[in-house]
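1. Mind looking at a prediction? Sequence and model below.
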Amino acid sequence: MPFEDDTSKPVDTNDIVQLLHPGRLSIECIEAVNVARKDQATAATYLRSYLLFQFGCDLNSKTSIIKWTDQLSESRTSKLNFFSEVVSFDINDPVSYIGNNNDIMLKVELWDSPEEDSEVLLAEAVLSVATFLSSDNKNLEEWISIKHPEDASSNCKVRLKFNFQPAMYGMLLAKLFSLSKIHPNYKDIHATLSLKYGGQIARSKTARGDGETRYFGEEELILWIDKTNWFEDLLIVLCSGSNVIGVHEGTSILPIMTELNNERENLAFHSPAEVSRSLSKPTQSGELQVKFDFLRAGLLRVKILEGKNLRGDDFQSQVEPYVVVKSEGKASVLMEKTLPWKVTSSDPKWNEVLTMMVVDHYMLQLICLYRDGFANSEDLLGEAELSLLPVYKTGIIDTWVELKYKNEFGTTVNAGKIHLFLDFTGEHGTAFPQRQSTIASYDDKERLNKRTIALEEPTETNGTDIMLSRRKIQTSPVIETKEKMSSTPSDYDCGFSNEEIRTAFDFLDLDKNGFIGAAELRHILVGMGEMVTDEEIDMMISMLDFNGDGQVNADEFMAMVSDFDPSRDDFEPGKSIISPPHYNNENDDNKGEKGSADVEDADLLKRDVKRKLFSAMVSSKSEIPYRRERFFKVAKDVISFSEVDQGSSRQWRANIQDMANLFSLSAEAVETQDLFRAFTTNHINKIVDLRHILMGLTNFVSGITNDEKCSLAFEFYDERKSGLLTLDEIEQLLVGSHLHQSRSAVLRKAKMVMSSADAHYAGGIRFEQLKEVATKFPNLV
């Protein structure tokens, strides 16, 4: 869809304005007939003429755009030929050119230049061009009557052809195939893709092969296109090492935007100017086979309505809070912010709409900052992260988002909440987010229906939290009976014997370890044709998992099948013969969470991404698959990396380049960037905890024993080398090994580990106790 810009002046609602789009208006100048000077017969004397155009001519001279034909048309007759010269106007904000008559006007003038220093106006006309600024207008040919301002009897006409190319936001993709006709002596050839006037630069890997033909292996280079650069041409440069050996320029972005099926094309490269200058003519220095594509962006509107209890009584005077929304994609970092709220209150009312054009973006960061009027400084008030998948799916979402921040003791606490309204529209038939193979995507089929309902039947909202995927799960018994259910539990007969129930359990227990886990449940349901999400699987497990080990044992399964209504609030399958004692804490903030559907969508999304990335790392299809030996070599390198600064505690955090170096990955690779984003622990400083990556990877690399996992756990998380893992350290361990960051779920499992070890040691568990727990519950560590 052509992009929209909310930063322009208020738009009228008439039909013409609604058709306006940014883009390039090109005017092909063909010919003029019946040309004569004022008070002169049609049979003109010698003419040297050109056409001049003024776009937005009824506005002041600073706003209007003036262009003219470069080539003079010479003739001794009344007919002029302009040789189909094209004059173009790049219009970023067409609304700003609307004049007092609620239209966009173009003045066409025909000038004669009989001598070098003299010019005479022959004729002129003013016409409306607003209707030309539409995506549907191409090659519209018109005869325009033009007259001298003081001679209404003249009948001069000029033939023009109008063509409009709409501009769009999005991602430009250049897939590189092969480079031919290259000098065989050139080594280490790579290509860079950029725009003519600078800015972004995308660099390829070194082409493979030697001789006159090299191969890029269908590598893709990406540029982000928006209103600041859509009018520029592409610049592709070939380099041998640090030396430029070939340049291609002149390819316009606009045709690529509108072409749905771009074909491969061969681009000719010529020697750079400093080389060609010494030659009689430019020499060709290669031919690159490339295929261009364009991913059109969708429009995301984020309305920041209000805040509530922002840091409570901490901030009441001279504090001006404002909100920054941020979303990162492979080629762009989008960021918009509200104006500061200058009224003294912890409940600001911004009521501002921020717009973003999104393509592959699927997470939204919400950062609330404040300006201290006394100190004249800015600081973080609180932040949150939420998934964009629900708004891609439904089109419209209304939510309250909880903000968090770390206090002076390093504890994460609540910082209030912010009320958001999100609205999304995208290209028909295009699923968002685009180009995210490991993420669920949604096209406009369901989105249009729900959007229509929401617009036609507005209802009050209580701020339902969209950070959760809210598909209703059927909680009635999964095994139906032939007899009608009795009205009392004691009279209820499920219709199956204990042996039959046990047989059903054994059938679901695919790895025959005495438990039904998430992977087994997913395998069975997918085989039955059920399209289930990870959060639904986790909720099904949690409904029966009363001992907190993340699995369902035989006792829990039998209690569910044989109970008259396992969906009731007081259902409990009784103490399992293998269940560990519960870790009791009256202040447990996780109390009452069992069976809740409120699993944070953002965390589940990251967990799924991590699983798929790890699976790819250990796959035999990987260039260098992770095996046991390689894993422990990387672990050793990470430990050495953490001990670089001997004067302080170990440093496990790393940026993307350090992570890539330690894991022998390319920092520019898409998979590496996805891995880094999935494990990012600090969205401001952009760092990952290397321990979490390694502990997560232990679940995928074959041959790593539980004892070795426990040894790594103590190496990584027993920071004080006390021989004990505290509750906080076990929490950190489980964040990595369980691949998600939901603190409530991790805390529950950490407490279960402590309780299961039945430790008499004060404040933690020993290595042998952790091994015992890991043997009993292999999915925990």
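-> Great, that's in hand.
2. Quick check: phi and psi at Ala152.
-> Dihedral angles of Ala152 (phi, psi; degrees, to the nearest 10) stand at phi -70, psi -10.
3. cool, and Met617?
-> phi -70, psi -30.
4. Which residue comes closest to it once chain neighbours are left out?
-> Tyr626 (4.9 Å; Cβ to Cβ, 6 or more residues apart in numbering). Bear in mind the C-beta positions are built from the backbone N, C-alpha and C, glycine included.
5. That neighbour in helix, strand or coil?
-> Assigned with DSSP: H, G, I helix; E, B strand; the rest coil, Tyr626 falls in the coil class.
6. for Glu500, same thing?
-> Per three-state DSSP, the local secondary structure of Glu500 is helix.
7. neighbours of it, just the number please.
-> Residues contacting Glu500 under the criterion other Cβ atoms under 10 Å number 13.
8. on that earlier part again, isn't the residue nearest to Met617 up against Ser702?
-> No: judged on Cβ atoms under 8 Å, Tyr626 makes no contact with Ser702 at a distance of 9.5 Å.
9. thinking again about what came up before, for the residue nearest to Met617, which residues are in contact?
-> Met617, Val618, Leu697, Phe700, Val701 (Cβ atoms under 8 Å, 6 or more residues apart in numbering).
10. and the residues you listed, which are buried?
-> For those, a burial check counting by 16 or more other Cβ atoms under 10 Å picks out Met617, Val618, Leu697, Phe700, Val701.
11. before we move on, back to that, just the closest of the contacts of Tyr626 to Ala518, please.
-> Ranked by distance to Ala518 (Cβ to Cβ), the contacts of Tyr626 are led by Phe700 at 15.0 Å.
12. Would you check how far apart the closest one and Ala616 are?
-> Applying Cβ to Cβ, to the nearest Å, the value for Phe700 to Ala616 is 10 Å.
13. Please apply the same query to Asp637.
-> Per Cβ to Cβ, Asp637 is found 21 Å from Ala616.
14. which residues does Trp400 form a beta bridge with?
-> His419 (DSSP bridges).
15. what about it, how many neighbours?
-> Count around Trp400 with other Cβ under 10 Å applied: 20.
16. Any stretches of the stretch 51-200 of the chain with poor pLDDT?
-> Low-confidence segments of the stretch 51-200 of the chain, defined by pLDDT under 70: 59-62, 135-136.
17. Kindly recompute the last result at 90.
-> 56-64, 76-78, 93-104, 113-120, 128-140, 148-155, 183-185, 196-200 (pLDDT under 90).
18. and stretch 233-241, how far out from the chain's middle?
-> 27 Å (Cα atoms, centre = their mean, to the nearest Å).
19. And stretch 383-397, by the same measure?
-> 12 Å.
20. what is the mean pLDDT for stretch 242-250?
-> The predicted model assigns stretch 242-250 a mean pLDDT of 90.
21. re the thing from before, rebuild the buried ones among the contacts of Tyr626 as CSV, extending it with secondary structure.
-> Shown next, in CSV, are the buried ones among the contacts of Tyr626 (three-state DSSP):
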residue, secondary structure
Met617, helix
Val618, helix
Leu697, helix
Phe700, coil
Val701, coil
